[in-house]
Structure formats: structure tokens, C-alpha cells
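Visitor: My questions concern the predicted model and sequence given below.
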Amino acid sequence: MKINSYHRPTTLEEAQRILRELGANGLPLAGATSHAFMKGPEEKAAVDLAWIGYDRIERGGSAFVIGANTRVADLQAYHAPGWVLDRVALRFVSQPIRGMTTIGGNVARVFPWNDFPVALLALGAELVIAGDQKVAHAAETYFKGQPARLYQPGDLLVEIHVPVLAPGCGFGYHKETVVNMDFSLLTLAAWMKLEKRTIAAVRVAAGAGLPLPARLTALEGALVGQTVSTETIQAAVAGQLDAVKWKGGDGFSDAYIRQLAKAHLEDVLIEAWQGAKGGAA
């Protein structure tokens, strides 16, 4: 793909107007680290979103409000009670790429290796798209297919609302790569809420080893209401592992990804349990 012109709006409204005027020829840029994967002879007009704001993290009630232009490096550097996305950011490729990539750019179009969709699914996040008005989509809806289906010409992702990790809740995360700076073979995340020693609620999500990131609802159903223990988690994972059609890649078979999932689903669930048990009521 070739860039034949460049626009640098300074407000959301200006960016939306330019994109609507350009129609299919407009290409919004949010970090611009994925251009290498956009092949073909098409010519596009670039609309750089870096100057329109939406690049802050703020605590808003029971959720963190993350501007879509927030860099992954800023997610890594941010610290606050109940904040866990720094752990996801730390595994994101390399520091130069973390300094360029925005969280909005990482979730506006889903590639198999994208890191943040999996974490946002597990955490129960909402993604806010600005069109004529702002509309919040639950992560499970947003990632049900390619997000492009939710956007009209000129619409832009502006905010991501991530619930604060409350007392009695824990989060686990794992990203499997061959070498450190590599695409993920399998990405897993889990959120768990405990009431005493009972699993009151749980969300488990996977990506890279699936065509699109998704919640593992059969596994969640097998865990809710159970007394938490390593044995409970192992039994639920073993019993529900084949409810998912695991997908290999980069020379690794479906069976190999399945075995990775078995081991690391246990890991992320135990990590979430350990994080939750200190504050469980």
C-alpha cells in the first residue's frame, strides 16, 4: 500500500470530518507499526491521529479510562491500585515498539498475535467508538468478529474502560513466544473473583491459538461455584480443553498449541486465584 497524501488533524471532530470526506481512501494512523502487513497496490491518504488527544489514563469511579492514543509504554509505566495492564505491556515486543504503538491501534484491527484483546476480554472492558455520538461496546461484542464491522466512515475508537481490579479479585496473564521479541503463539488471560474459597465469577480468554480472541465460556462454567484449589483448576481445564478448537501456526501444530493451552491455562488461573485470595471476603 502507498501513502499519497498526509493529514494531521488536531481535534477529534476535524479527524472525523477528514475521514468522512476521504471515504474508503482514508487511512487513520495510530502508531503506524502495522503498515508492513497491509499489502497491495492501493493508494491511501494518511490521517495521523497523534495530535487529537485521547492519550491519557485516568481513574473514573470503578474503572480506568484509557485514551485510545495512549502508548503501550505509558501503560507499562502507569501504576495504581487495581491496575494490571502494565503486566501485559511489559511483554509487548520491545521498548521502541512500545513507544510507538497505541492501545487503540492494537485493538482497532485484530491480528492473531494482538496482545491486548485477550486481556480486555478477561477484564470485562468496554471500548468506546465516537461517531455522531459515543457508543460503548463490551469487549466480548467488540471482538466477536473484526471490529471494522462496528465502524461507520469517520468513526474512531476514543476510549477503553477497564474495570479496577477490586479486592477479592485476581488477574493472570501469559504470552507464549519462541523468542522474546516475537509474535505470540498463544496468549491467555484470566480474571477471578473469590468469595471465601468459592469461585464466585471468572473470565478466561485466549488469543493467537484461535482465529480470533475469545472467552472460553465452557471452562468458565466449569469453574464457577467450585471450591478453589489447584486440583479444581486442573480438573476443569482437562475437562473443557477440547471445547475449544485450538489452531497452530508458524510451524507449530494444533496439537502442540493444545498442550501449551493445557499447561498455561492452569498457570493463569492459579495466578488469578493467588492474586484474589488475599482480599477475598
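Guide: In hand now; what should we look at? Bear in mind that the values here come from a model prediction, so they are computed numbers and not experimental data.

Visitor: now the helix or strand that contains E21, how far from the chain's geometric center?
Guide: Element membership for E21 (DSSP states H and E) is helix 12-22. Centroid separation for helix 12-22 versus its chain: 26 Å, with C-alpha atoms, centre = their mean, to the nearest Å.

Visitor: Distance from the helix or strand following it to the middle of the chain?
Guide: Downstream of helix 12-22, the first helix or strand assigned by DSSP H and E is strand 26-29. Its chain's C-alpha centre and that of strand 26-29 lie 21 Å apart, by C-alpha atoms, centre = their mean.

Visitor: And the average pLDDT for the helix holding E21 is what?
Guide: Averaging pLDDT along helix 12-22 gives 97.

Visitor: again, but for stretch 73-86
Guide: The pLDDT scores in stretch 73-86 average 97.

Visitor: quick one: terminal-to-terminal distance for it?
Guide: This stretch, stretch 73-86, spans 9 Å end to end (C-alpha to C-alpha, to the nearest Å).

Visitor: hmm, back to that, got the contact list for the helix holding E21?
Guide: Helix 12-22 is contacted from outside by 7, 9, 26, 28, 45, 47, 49, 52-54, 130-131, 153-156, 158, using C-beta atoms under 8 Å, 6 or more residues apart in numbering. Every C-beta, even on glycine, is put in place using the N, C-alpha and C of the backbone.

Visitor: burial measure for R203, as a count.
Guide: 22 (other C-beta atoms under 10 Å).

Visitor: Strands of this structure, start to end?
Guide: For the chain, applying DSSP state E gives strands covering 2-7, 26-29, 43-48, 57-60, 63-67, 126-130, 134-138, 156-163, 169-176, 186-195, 198-207, 214-215.

Visitor: and among those strands, the most buried is which?
Guide: Compared across the strands of the chain, strand 186-195 shows the largest average neighbour count, a mean of 27 (mean count of other C-beta atoms under 10 Å).

Visitor: Neighbours of the closest residue to R59 other than its chain neighbours, how many?
Guide: Using C-beta to C-beta, 6 or more residues apart in numbering and skipping residues adjacent in sequence, the residue nearest R59 is A80, 6.4 Å away. Look at A80: counted by other C-beta under 10 Å, it has 11 neighbours.

Visitor: Check which helices and strands the helix or strand bottoming out on mean pLDDT in the chain is in contact with.
Guide: Lowest on mean pLDDT, DSSP states H and E among the helices and strands of the chain sits helix 95-98, with a mean of 87. Contact here means 3 or more C-beta pairs under 8 Å, 6 or more residues apart in numbering; DSSP states H and E; on that basis helix 95-98 packs against helix 72-77.

Visitor: now the helix it packs on, how far from the chain's geometric center?
Guide: Chain-centre distance of helix 72-77: 14 Å, with C-alpha atoms, centre = their mean.

Visitor: Repeat that for stretch 246-262.
Guide: With C-alpha atoms, centre = their mean, you get 21 Å for stretch 246-262.

Visitor: export it as PDB, just CAs?
Guide: Listed next in PDB are the C-alpha coordinates belonging to stretch 246-262 (Å, rounded to 0.1, in the frame of the first residue of the first chain):
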ATOM      1  CA  TRP A 246      -7.000 -24.800  19.000                       C
ATOM      2  CA  LYS A 247      -5.200 -23.500  16.000                       C
ATOM      3  CA  GLY A 248      -1.400 -23.800  15.300                       C
ATOM      4  CA  GLY A 249       0.800 -21.600  13.300                       C
ATOM      5  CA  ASP A 250       4.400 -20.700  12.400                       C
ATOM      6  CA  GLY A 251       5.200 -24.400  12.000                       C
ATOM      7  CA  PHE A 252       3.500 -25.500  15.300                       C
ATOM      8  CA  SER A 253       0.700 -28.000  15.100                       C
ATOM      9  CA  ASP A 254      -2.800 -27.700  16.500                       C
ATOM     10  CA  ALA A 255      -1.900 -30.500  19.000                       C
ATOM     11  CA  TYR A 256       1.200 -28.500  20.200                       C
ATOM     12  CA  ILE A 257      -0.900 -25.400  20.800                       C
ATOM     13  CA  ARG A 258      -3.500 -27.500  22.700                       C
ATOM     14  CA  GLN A 259      -0.700 -28.800  25.000                       C
ATOM     15  CA  LEU A 260       0.500 -25.200  25.600                       C
ATOM     16  CA  ALA A 261      -3.000 -24.200  26.400                       C
ATOM     17  CA  LYS A 262      -3.400 -27.100  28.900                       C
END
